[in-house]
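In: below: sequence and its predicted model.
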Amino acid sequence: MNTDAPISYTGAAQLVEVRYRLDALDTATPAALLVEGADDKRLFLPFVRHPALVVPCSGRRGVLATRAVMTVDDQARIVSLIDCDYEVARRNFTPSPGVVITGGTDVEADMFLIGLLDRIVQNLIPREITEPNELAEIADDIRSSAISLSTPLGRARMAAQPLGIELDLGDFSFSKHTLRSGEPDISKMTRTVHGRLEEAIGLDDFRTCLAETPDDPRLCKGDDLLAAAAFIIRSRYRGSNKVNAELLDNLLRARMADATVFEAWLVVRRIRSWEDRSGVTLLKPRLT
């Protein structure tokens, strides 16, 4: 998630701001949503009752810090959205009422995995589509290949987390870490990632930590999935060199503005359930 915010508040100061926004609205039973960053807020803007009720909190820690100082009354009208990350897989975090987590590692992973690629891929490849199921098959190939390439990086990120290091793999080259078969070169990936951690852990120890992580596609980070998908589109389907992770992210976010897609998102279903239990309203009425 994007964690940019114009002002960085302490949890207590952020809570005061959210209370003020709620109390200032002449709206019945209003509710607020805390999100990690400004990009997350943009996803909700077409669907919330009031834009001021979606509040970026400068990252996961900011959301949880604000949540930690809430009263019972606050918790009845403020819901928090955080990335699943690796805390749930490590059993270091248990979701509670009023705390909604993504289905995948983060929002970007959710957008990639819920099938939106099928709706944009025709704009990204030059080949003519001539068979009824061809487009869906191409989208499925891109998605499954991206998951295969990204899963080792997700496991590496999880292995690095206890070291207090958040891996920056924005410049990672999938073309240099893919076998002729199209499968990931896991050995080379491991060495490359370790090169960014070598001051904190030896290679053999890192391999041990990596082996202890689950081989689970749910560990894939959205940024890795998007970068891998862009690589597959360019290398396998002759897509333009302009096809990159940022372009895919923008296209997927545009598709999320479709109300049907938005309502089908696991995060939104969880927020709707919280609204029903709490008797407050954050989102506009459901589609009928």
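Out: Sure, I can see it. Here the structure is a predicted model, which means the values were calculated and not measured.
In: excluding its backbone neighbours, what's nearest A52?
Out: Closest residue in space to A52, ignoring its immediate chain neighbours: R21 at 4.9 Å, by C-beta to C-beta, 6 or more residues apart in numbering. C-beta here means a position set from N, CA and C on the backbone, and glycine is covered the same way.
In: three-state assignment of that neighbour?
Out: helix (DSSP: H, G, I helix; E, B strand; the rest coil).
In: need the contact list for it.
Out: Shown in contact with R21 (C-beta atoms under 8 Å, 6 or more residues apart in numbering): 32, 52-53, 55.
In: just the buried residues from these, in PyMOL please.
Out: A single PyMOL command selects the buried members of the contacts of R21 (16 or more other C-beta atoms under 10 Å):
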select buried, resi 32+52+53+55
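In: what's the burial count for the residue nearest to T29 when sequence neighbours are not counted?
Out: Leaving aside its chain neighbours, T29 sits nearest to V280 (4.6 Å; criterion: C-beta to C-beta, 6+ apart). V280 has 18 neighbouring residues, counting by other C-beta atoms under 10 Å.
In: and the helices in the stretch 51-200 of the chain?
Out: Along the stretch 51-200 of the chain, counting by DSSP state H, counting those that start in this stretch, helices occupy 60-68, 72-75, 107-113, 134-160, 186-194.
In: quick one: which of the ones you listed is nearest L248?
Out: In terms of C-beta to C-beta, the element of these nearest to L248 is helix 107-113, at 7.9 Å.
In: picking up where we left off before, what's the spacing between the residue nearest to A52 and C209?
Out: 43 Å (C-beta to C-beta, to the nearest Å).
In: ok, now M256?
Out: Look at M256 and C209: by C-beta to C-beta, they are 35 Å apart.
In: before we move on, what about T102?
Out: With distances taken as C-beta to C-beta, T102 is found 24 Å from C209.
In: swap in P162?
Out: Distance from P162 to C209, by C-beta to C-beta: 8 Å.
In: who has more neighbours out of those two?
Out: More neighbours surround C209 than the other of P162 and C209, with 19 against 13 (other C-beta under 10 Å).
In: give me the three-state assignment for that one.
Out: helix.
In: return the residues in contact with the nearest residue to it once chain neighbours are set aside.
Out: Residue nearest to C209 in three dimensions, not counting chain neighbours: A159, with 4.1 Å by C-beta to C-beta, 6+ apart. Contact partners of A159, counting by C-beta under 8 Å, 6+ apart, are 206, 209-210, 212-213.
In: again with G103
Out: G103 neighbours (C-beta under 8 Å, 6+ apart): 84, 110, 113, 266-267.
In: re the thing from before, which pLDDT value goes with the residue nearest to A52?
Out: For R21, the model assigns a pLDDT of 96.
In: residue ranges with poor pLDDT in the stretch 151-288 of the chain?
Out: For the stretch 151-288 of the chain, applying pLDDT under 70 flags the ranges 288.
In: domain assignment for the protein?
Out: 11-105+265-278, 115-257 (automatic domain parsing).
In: just how off-centre is the first one within its chain?
Out: Spelled out, that is domain 11-105+265-278. Relative to the centre of its chain, domain 11-105+265-278 is centred 15 Å away, using C-alpha atoms, centre = their mean, to the nearest Å.
In: end-to-end on it?
Out: 22 Å (C-alpha to C-alpha, to the nearest Å).
In: start at 188 instead
Out: Fine by me, first position is 188 from now on; the one you just mentioned is domain 198-292+452-465.
In: how many residues are close by V235?
Out: Neighbour number of V235 under other C-beta under 10 Å is 18.
In: now R367
Out: The criterion is other C-beta under 10 Å. On that basis, R367 has 6 neighbouring residues.
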